[in-house]
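Novice: Structure, please.
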Amino acid sequence: MRAPLVFLLCLGACLLLNMPGLSGPMVFDSQALIQANEDRFAYGSIRDVVGLCPMRPVVMLSFYLDYLVAGMNPLWFRLVNVVVYAAGGLAVFLLVSALLVTPATEPKISARERTALALCTAVAFVTHPLQYQVVLYVWQRMALFACVFSLLSLLLYFCARIGVIRNSRLGYMACGLSFVMAVFSKENAVLLPVVVLAAEVLLFRMDLRRLLKPAAIGACVTGVVLITLLTVERLPETEEAGLFKLLAMHYRASGLSPLEIVLTQCRMLFCYLGIILAPFAATFPLVESVVISRSLVNPWTTLPAVCGVAGLVGISIATARSRPLLSFGLVFFLVTLVPESVAIPVHLFFAYRAVLPMVGVLLVLGDLSIAALTWADEHGFRRAVGMGLAAAAILWIAGNSAVTMTRATIWKDPLAIWAEAAEALPPAEADSQKLHYGLVLNELGAILRERGRAREAIPYHEKALRSAPADARSLFLLADAEAAEGDSARADQLFRRALSGKFTDPTARFGVLVHYGAFLEKQGDLAQAVDYYRQALDLNPRVVAWRNRMCLALVKVGEHEKSVDCFRKALAIQPGSTEAYYNLAAALQGVGRVDDAVTHYEKSLVLNPRYAAAHNNLGRIEESRGNLRKAIEHYQQAIRSAPTLAEAYYNLGNARMASDMPEEAIVAYRRALEIRVDYPEAHNNLAVLLEEQGHIRQAAWHYRKAHELVPGSDMFKENFRRAQEKLDDQKGPGMRQ
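Specialist: Residues are numbered from 1 along each chain as shown. Down below sits the predicted model:
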């Protein structure tokens, strides 16, 4: 019964501490790679979804299952992460319990103390502020799954090794399966066999000759996994094919030499260590721009960091016999931190990388606690030391919990996330990663612009552009902000400057093309806008939102037949989409193919019977055919589905007027005007009915409103003139001015 209680404790702690940020919107990669690909989740196969990141199929499959249960609700995605992380806490508890009964560690402390230490380690793991980056940052479920499956693999190995699992062969097979699941969640788990070999040497005292067999088995399993990764494409839309090609791409994109990467990562190792041990004294925003180590003395902290890493390795070697658990903890920390840090230099630092290595640090702290208790026992004050250690652990966990909840609160609002990241940026003149420097500033500026605060966004985009003058994303985002502020000439200049640059990333060119197309569309240059949309979609045909934008622009320029073909392509990408069927039906209606339009409107309503726009358009078609009763039914259904759809009330008024139901028509027109006061046709038609009923003053007022809204309409002008004359006649000659 101990394990279920520990799991419930971990689950409750993780849920409580992350509660403030669970309902926040998806951000960064979560938004760009999950939410923005909703069409694949909704209308594609499992293969389509996994194809978004085929090197990590385990996590992509879990995302797909999440979507099937709750759609794109961020709360559900994060609740699943909470449960998985709590399972990781349970794995830590069981793993520490197993580690404390290996030949090299038993019997240093009592069974009760072993349980207390394992529980304390598990609680420290689930309450640590680092966990918010794999719970709330949905895309990093990859790091979360890799962490939990790695812990499970180690747990199964140790349980098979010490005899808890009686069928050891079965235990080792389960260990191997969990290792494969970890690697196919995120590749940084690939060095887990090295940790197992270290455990054999340090905790089970296996000599080198006997170590050859498990080493060979581990090498074979790892080799098979690596060969599989070599054949998998990461992103089908790009040329990233295979693991080594992907790694080479990261090295080229970083612009750093291997020596610079190693030197910088020595400094980053102590940043991770500082976050683990003292998170309340550290800042670790979502994205950081790291100062690069160009040599051992630039910056000056590099040399101490390199010496520090060498010192940690030396301590691990020196304590291999005297403190094997401490030595193993250091090996665990160093080995599990290496893969992603060295393999992906384009991103020199992400705090979530330390989630799994943190377990190694917790093992070191646990072994130091055991050493303190042993020493105290020899000197006769074990109880006092035990109470002191318990108090220190409680205070540390309580402090970490407070930091975790504070950081979770920030995740309610993306603006707060990126504002924090911007505040943590190094000075502009620092020799730091310009990619991340610009990324943080541009993300903050983009959110400000989306919220109608373009003036505040401009300085951030300008600062990002100064750090990388040729960056296409900085250019088009600054152009968007300038356009929002009304400086169209400046915006056009920036867009053209972005297009004239060299693009190494096709997604950057896509962004420039579609944003320039949107700018031109707002400027009224629809033909040019369509051309830029088309160029962008040649690069990435699956982005349905922009394809629909191009299709609608084709309608506006009168290219109705081309718009039909365009919407058909969108439907082919989104088979089974209500909106895709509706758009195609509207395009078919625009070219006069009414019967085909009706067929597609009806298909959209089969998928979503409450699609108001489809009911409204079907009502117009039925009305044009003289089927007023059916038309009224469709308009009423549209109103039930969308009570604020003014066009449906207006069309209902027209159908009732044609059905000789003037009072009901007046009610419908008045409701349309309550929703949309600047609706000239509704003002005019309501005035017609009021005039027929003899309410000339009211009719004249509505005619005047229609004329004011569309002063160029001869019909509205003539209706207003006629009603005004009638009103003057009612006043009589003596009352005229």
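Novice: what sits against residue 192?
Specialist: Residue 192 makes contacts with 150, 153, 154, 179, 182, 183, 336, as judged by Cβ atoms under 8 Å, 6 or more residues apart in numbering. For the C-beta atoms, the positions are set from N, CA and C on the backbone; glycine is no exception.
Novice: Verify the stated contact: the fourth one with residue 217.
Specialist: No - Residue 179 is beyond contact range of residue 217, at 11.3 Å (criterion: Cβ atoms under 8 Å).
Novice: Which of the two has more residues huddled nearby?
Specialist: Residue environment comparison for residue 179 versus residue 217 gives the larger neighbour count to residue 179, 26 against 14, counting by other Cβ atoms under 10 Å.
Novice: Once you drop chain neighbours, what's closest to the more buried one?
Specialist: In space, not counting the residues next to it along the chain, residue 179 is nearest to residue 153; the distance is 4.4 Å by Cβ to Cβ, 6 or more residues apart in numbering.
Novice: Next: residue 574.
Specialist: For residue 574, the nearest residue in space outside its immediate sequence neighbours is residue 580; the separation is 4.4 Å by Cβ to Cβ, 6+ apart.
Novice: Which secondary structure state is assigned to that neighbour?
Specialist: Under DSSP: H, G, I helix; E, B strand; the rest coil, the three-state class of residue 580 is helix.
Novice: From residue 545, how far out is it?
Specialist: In this structure, residue 580 and residue 545 are 11 Å apart, going by Cβ to Cβ, to the nearest Å.
Novice: Please identify which of the two sits among more neighbours.
Specialist: In this comparison of residue 580 against residue 545, neighbours counted by other Cβ under 10 Å, the higher total goes to residue 580 at 27 against 11.
Novice: what sits against the more buried one?
Specialist: Residues 544, 567, 570, 571, 573, 574 are the ones in contact with residue 580 under the rule Cβ under 8 Å, 6+ apart.
Novice: Confidence-wise, which of these comes last?
Specialist: For the contacts of residue 580, the weakest pLDDT value sits at residue 574, with 78.
Novice: Ramachandran coordinates for that residue?
Specialist: phi -120, psi 60 (degrees, to the nearest 10).
Novice: Of all pairs in the contacts of residue 192, which one is the farthest apart?
Specialist: Taking Cβ to Cβ, the two most distant members of those are 154 and 183; they sit 13.8 Å apart.
Novice: quick one on the thing from earlier: turn the contacts of residue 580 into CSV, columns for distance to residue 288.
Specialist: Output for the contacts of residue 580, formatted as CSV (distance: Cβ to Cβ, whole Å):
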residue, distance to residue 288
544, 34
567, 44
570, 39
571, 43
573, 37
574, 37
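Novice: Can you say which of those are buried?
Specialist: 544, 567, 570, 571, 573, 574 (16 or more other Cβ atoms under 10 Å).
Novice: List just the nearest of the residues you listed to residue 309.
Specialist: Checking the buried ones among the contacts of residue 580 against residue 309 by Cβ to Cβ gives residue 544 as the nearest, at 48.4 Å.
Novice: do you know how far that closest one is from residue 583?
Specialist: On the measure of Cβ to Cβ, residue 544 and residue 583 end up 10 Å apart.
Novice: With residue 716 instead?
Specialist: When residue 716 is compared with residue 583 (using Cβ to Cβ), they lie 31 Å apart.
Novice: The two: who's more crowded?
Specialist: Remark: of residue 716 and residue 583, residue 583 carries more neighbours, 28 against 23, as counted by other Cβ under 10 Å.
Novice: Weed out the non-buried ones from the contacts of residue 192.
Specialist: Buried residues within those, counting neighbours by 16+ other Cβ under 10 Å: 150, 153, 154, 179, 182, 183, 336.
Novice: got a list of what the first one touches?
Specialist: The reference is to residue 150. With contacts taken as Cβ under 8 Å, 6+ apart, residue 150 has the following neighbours: 178, 179, 182, 189, 192, 336, 356.
Novice: what's the answer for the fourth one, then?
Specialist: Taking Cβ under 8 Å, 6+ apart as the criterion, residue 179 is in contact with 149, 150, 153, 189, 192, 193, 221, 225.
Novice: now residue 472
Specialist: Contact analysis of residue 472 by Cβ under 8 Å, 6+ apart lists 498, 501, 503, 508, 509, 511, 512.
Novice: Greatest separation within those: which pair is it?
Specialist: Among the contacts of residue 472, the pair separated by the greatest distance (Cβ to Cβ) is 501 and 511, at 12.3 Å.
Novice: the helices in the stretch 551-700 of the chain, which residues?
Specialist: If DSSP state H, counting those that start in this stretch is used as the criterion, the helices of the stretch 551-700 of the chain fall at 560-573, 578-590, 594-607, 612-624, 628-641, 646-658, 662-675, 680-692, 696-709.
Novice: and the gap between residue 87 and residue 309?
Specialist: Here residue 87 is placed at a distance of 32 Å from residue 309 (Cβ to Cβ).
Novice: so where's this protein shaky on pLDDT?
Specialist: 1, 44, 106-107, 207-211, 213, 218, 226-244, 246, 504-505, 730-737 (pLDDT under 70).
Novice: What residues of stretch 88-102 count as buried?
Specialist: Applying 16+ other Cβ under 10 Å to stretch 88-102 flags 88-100, 102 as buried.
Novice: What segments of the stretch 101-250 of the chain are helices?
Specialist: With DSSP H, counting those that start in this stretch as the definition, the stretch 101-250 of the chain shows helices at residue ranges 111-127, 132-135, 141-162, 168-183, 192-202, 208-230, 243-254.
Novice: Now do the third one: distance to the chain's middle.
Specialist: The chain centroid and the centroid of helix 141-162 are separated by 26 Å, computed with Cα atoms, centre = their mean, to the nearest Å.
Novice: if we can go back for a sec, and the contacts of residue 472, which are buried?
Specialist: Among these, the ones that count as buried (16+ other Cβ under 10 Å) are 498, 508, 509, 511, 512.
Novice: Out of these, flag the one nearest to residue 109.
Specialist: residue 508 (57.1 Å).
Novice: A helix includes that closest one, no?
Specialist: Yes - with three-state DSSP as the criterion, residue 508 is part of a helix.
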